[in-house]
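Asker: here are the coordinates; sequence isn't available:
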């Protein structure tokens, strides 16, 4: 067979293989993997990242030190509208002592002392999250705060957020496992509502978000940085992700 034909067949074979990798089959429950455990097919690495988002032993591993100049998040290539997202995550360690963690009340406001000053807690902390529909404003937080992971910080702390929505995006339960152990998110986004279950416990239940976009990409969040002395200046995203799968809702 002529060399030109062999080269053409080889190229077609590679194209077919990449197509198979990109279009993984759905499981019995209708969930399609969007991370294959081998490479970043379907994801967009930050430009100039420097290898800080990487894959280690089949999981996405991040060391919170991306060298990207602008956006340091890891984004999906595709946009999603209504969906159920499953993702396992764990904070590897929490080396930073955060002295400004607020005491958050069930209505999403911050507790104050008898003099009207906000109560602050000093605790080991790490920070990441899952961006929904293209923006960190609509984020399921991952961190060490006593209020628990799953809250939507960008909405809860916005002064323009209504009291009803502020309470709705504040976790009803603290369902996190200790730092170092794996946790499981199941996040349902339908229309303008978000429901988040953490380790089988519903922490955000059908929060209705009026300005939630109709669709957008997902992202895994970067957080933190180091000063010239090599010390963390904020809670870092020392985090891993695996078993990321999505079921798109019609």
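Answerer: Ah, there it is. Note that this is a predicted model, so its numbers are computed, not measured.

Asker: what bits of this structure have low per-residue confidence?
Answerer: 1-23 (pLDDT under 70).

Asker: so where do the helices sit in it?
Answerer: 3-22, 153-156, 163-168 (DSSP state H).

Asker: Please determine how far the most centrally placed residue in the chain is located from residue 220.
Answerer: In the chain, the residue lying closest to the centroid (Cα atoms, centre = their mean) is residue 130, at 1.8 Å. Note on residue 130: its distance to residue 220, by Cβ to Cβ, to the nearest Å, is 6 Å. For every residue, glycine as well, the C-beta is placed using N, CA and C.

Asker: burial measure for the nearest residue to residue 130 once chain neighbours are set aside, as a count.
Answerer: Closest residue in space to residue 130, ignoring its immediate chain neighbours: residue 140 at 4.7 Å, by Cβ to Cβ, 6 or more residues apart in numbering. Using other Cβ atoms under 10 Å, residue 140 is surrounded by 28 other residues.

Asker: Same question for residue 201.
Answerer: By other Cβ under 10 Å, neighbour count at residue 201 equals 15.

Asker: The closest residue in space to it that isn't next to it in sequence: what's it in contact with?
Answerer: Nearest residue to residue 201, sequence neighbours excluded (Cβ to Cβ, 6+ apart): residue 175, at 3.9 Å. By Cβ atoms under 8 Å, 6 or more residues apart in numbering, residue 175 lies in contact with 148, 149, 150, 198, 199, 200, 201, 203.

Asker: what's the closest of these to residue 87?
Answerer: residue 198 (10.8 Å; Cβ to Cβ).

Asker: pretty sure that closest one contacts residue 147?
Answerer: No. Residue 198 is not in contact with residue 147 according to Cβ atoms under 8 Å; the separation is 11.8 Å.

Asker: buried set for stretch 40-49?
Answerer: Within stretch 40-49, the residues that qualify as buried are 42, 43, 45, 46, 49, counting by 16 or more other Cβ atoms under 10 Å.

Asker: again with stretch 156-166
Answerer: Neighbour-count burial for stretch 156-166 flags 156, 161, 165, 166 (criterion: 16+ other Cβ under 10 Å).

Asker: ok, residue 62 touching residue 220?
Answerer: Yes. Using Cβ under 8 Å, residue 62 is in contact with residue 220, at 7.4 Å.

Asker: Please enumerate the shared neighbours of those two.
Answerer: Counting by Cβ under 8 Å, 6+ apart, the residues touching both residue 62 and residue 220 are 74, 128, 239.

Asker: Looking at those residues, which are in strands?
Answerer: 74, 128, 239 (DSSP state E).

Asker: Please list all residues in contact with the residue nearest to the centre of the chain.
Answerer: By Cβ under 8 Å, 6+ apart, the neighbours of residue 130 are 85, 87, 139, 140, 142, 185, 187, 218, 219, 220, 221.

Asker: thinking again about what came up before, what's the distance between the residue nearest to residue 130 and residue 218?
Answerer: 10 Å.

Asker: Spit out the residues that contact the two alike.
Answerer: Joint contacts of residue 140 and residue 218 (Cβ under 8 Å, 6+ apart) are 130, 132.

Asker: what number of residues lie near residue 111?
Answerer: Residue 111 - counted by other Cβ under 10 Å - has 11 other residues nearby.

Asker: Need phi/psi at it.
Answerer: With angles defined as degrees, to the nearest 10, residue 111 sits at phi -70, psi 150.

Asker: ok, the closest residue to it other than its chain neighbours - contacts?
Answerer: Spatial nearest neighbour of residue 111, chain neighbours left out: residue 103 (4.0 Å); criterion: Cβ to Cβ, 6+ apart. Neighbouring residues of residue 103 by Cβ under 8 Å, 6+ apart: 110, 111, 118, 119, 120, 121, 146.

Asker: can you check residue 142 too?
Answerer: Per Cβ under 8 Å, 6+ apart, neighbours of residue 142: 89, 91, 127, 128, 129, 130, 149, 183, 221, 239.
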